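1. coordinates for the following, if possible.
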Amino acid sequence: MTQRQIRLMSSIACLTILTGLAWSQSVPRFEVDPSWPKQLPEGWVMGGLGGVCVDAHDHVFILNRQDVIEGDLNAGKLAPPVIEFDQAGNVVNSWGDNKFLDPRLHSCAFDKATNIWLDSSPSGMLLQYSHDGSKLLRQIGQKGVLDSSDGTEKGKPLNSNAAKFFLPSSIFIDATDGNVWVADGEGSNGNRRIMVLDKDGNFIRQWQPEGTLSTHCMAISNDGLVYVTDREGGHVQVYDKMGKLLKSIPVPWTPYTPPADGKPKANGGASVAFAFSSDAKQKYMYVINQNNARIEILERESGKNLGHFGRAGNFPGQLAQPHGIAVDSKGNVYVAENRGKRIQRFKVVR
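-> Reported below is the predicted structural model:
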């Protein structure tokens, strides 16, 4: 082999290495921001967090389930159900009527008019509030009356063609037409469907995803695809807006410590909730894997797993039963923890 051939092969090898390095560096990396949020107002005691959402001004809203233990209140008072933070991590607003809202708030979303929508699984209601929470604009469903054979959580799920709910778990407002999309199916004992309502809350259509145990989280991508997580089943299903299944993305998991009997036992699910990356093409999906206490980074188009961040624990950057996830316009990821009773910001670093 001549010296020229050797130099050419070395150049090709270097180019290959650099290309691979550039590709790996294009995948977003995250590190926790321990300075966010700022300390809560004096005396506030938090329960588990159900969900988190980010508005057009990158303000972060968390849903406090208020499931504190009795002894906690000897040292403080119950924090409000809905808490708003600015980008600096300061509490700028809080609200919620404990007598009306169900304590197990699940998810939130914003419409084009910046009104906030809430759902809470056991109540069977969807609620639309003004952005500051000062006014209830719309209630869909009746509190405590579920879409079941006896109207309670003990009844048989009906999946009725009506704006009634049995454990609604996720809500999304379609900016193109104002339609309200609902994943009605927090767990396998309730309804199991994707429902579409018009902006006034009237029933339009629904479908029941085949092969799923629950419809725990749902959102529509910028290119009009409907993504639905099956929490227990460990996959994300992708549909068109009429309910045609296009593909299924598996989210596998492996116990860190092998079980004594050799049979892995789920601890919440491998595909609990997700958020899209903030770029226009939404190249990535960030999926909560409760079983492994981490966030999976998936390439949205291919479904390929590109890495993860977070680990089990209670220190900054660690996760204790993550349940809600959202992304701001800068690409930062916010994770709400149920068992950890906190919100954390993971800053994107390139």
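2. pull the longest strand from the protein.
-> Counting by DSSP state E, the longest strand found in the chain is strand 342-349.
3. name the surrounding residues that touch that strand.
-> With contact meaning C-beta atoms under 8 Å, 6 or more residues apart in numbering, strand 342-349 is reached by 28-33, 36-37, 46, 49, 52, 60, 62, 85, 89, 295, 309-310, 316-317, 319, 330-337. For every residue, glycine as well, the C-beta is placed using N, CA and C.
4. next one: stretch 130-138
-> 55, 82, 93, 95-96, 110, 114-116, 126-129, 201.
5. try stretch 52-60
-> 37, 61-63, 84-87, 92, 107-110, 114, 116, 131, 324-330, 334-336, 343, 345.
6. apply 7 Å and report the result again.
-> 61-62, 84-87, 92, 108-110, 114, 324-329, 334, 336, 343 (C-beta atoms under 7 Å, 6 or more residues apart in numbering).
7. same thing with stretch 215-223?
-> When contacts are defined by C-beta under 7 Å, 6+ apart, stretch 215-223 is touched by residues 169-170, 172, 174, 181, 183-186, 192-194, 209, 226-229, 231, 272-274, 276, 280, 282.
8. now do 8 Å
-> Stretch 215-223 is contacted by residues 107, 169-170, 172, 174, 181-186, 192-194, 209, 226-231, 241, 269, 271-276, 280-282, 300 when judged by C-beta under 8 Å, 6+ apart.
9. next, the distance between the ends of it.
-> End-to-end distance of stretch 215-223: 21 Å, with C-alpha to C-alpha, to the nearest Å as the criterion.
10. do stretch 213-233 as well
-> Termini of stretch 213-233 sit 6 Å apart (C-alpha to C-alpha).
11. then stretch 328-339?
-> Terminal residues of stretch 328-339 lie 23 Å apart, using C-alpha to C-alpha.
12. next, the buried residues of that stretch.
-> 328, 331-339 (16 or more other C-beta atoms under 10 Å).
13. go on, stretch 53-67?
-> Neighbour-count burial for stretch 53-67 flags 53-55, 59-66 (criterion: 16+ other C-beta under 10 Å).
14. for the residues you listed, give me CSV that also has distance to Leu73, pLDDT and secondary structure.
-> Shown next, in CSV, are those (distance: C-beta to C-beta, whole Å; pLDDT from 0 to 100; DSSP: H, G, I helix; E, B strand; the rest coil):
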residue, distance to Leu73, pLDDT, secondary structure
Cys53, 27, 98, strand
Val54, 30, 98, strand
Asp55, 30, 98, coil
His59, 28, 98, coil
Val60, 25, 98, strand
Phe61, 24, 98, strand
Ile62, 20, 98, strand
Leu63, 20, 98, strand
Asn64, 14, 97, strand
Arg65, 15, 95, coil
Gln66, 11, 91, coil
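15. could you dump these into CSV and include distance to Asp261?
-> Listed next are the buried residues of stretch 53-67 as CSV, based on distance: C-beta to C-beta, whole Å:
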residue, distance to Asp261
Cys53, 40
Val54, 42
Asp55, 47
His59, 47
Val60, 42
Phe61, 42
Ile62, 38
Leu63, 37
Asn64, 38
Arg65, 33
Gln66, 37
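16. which one of those is nearest Leu146?
-> Using C-beta to C-beta, Arg65 comes nearest to Leu146 of the buried residues of stretch 53-67, at 18.8 Å.
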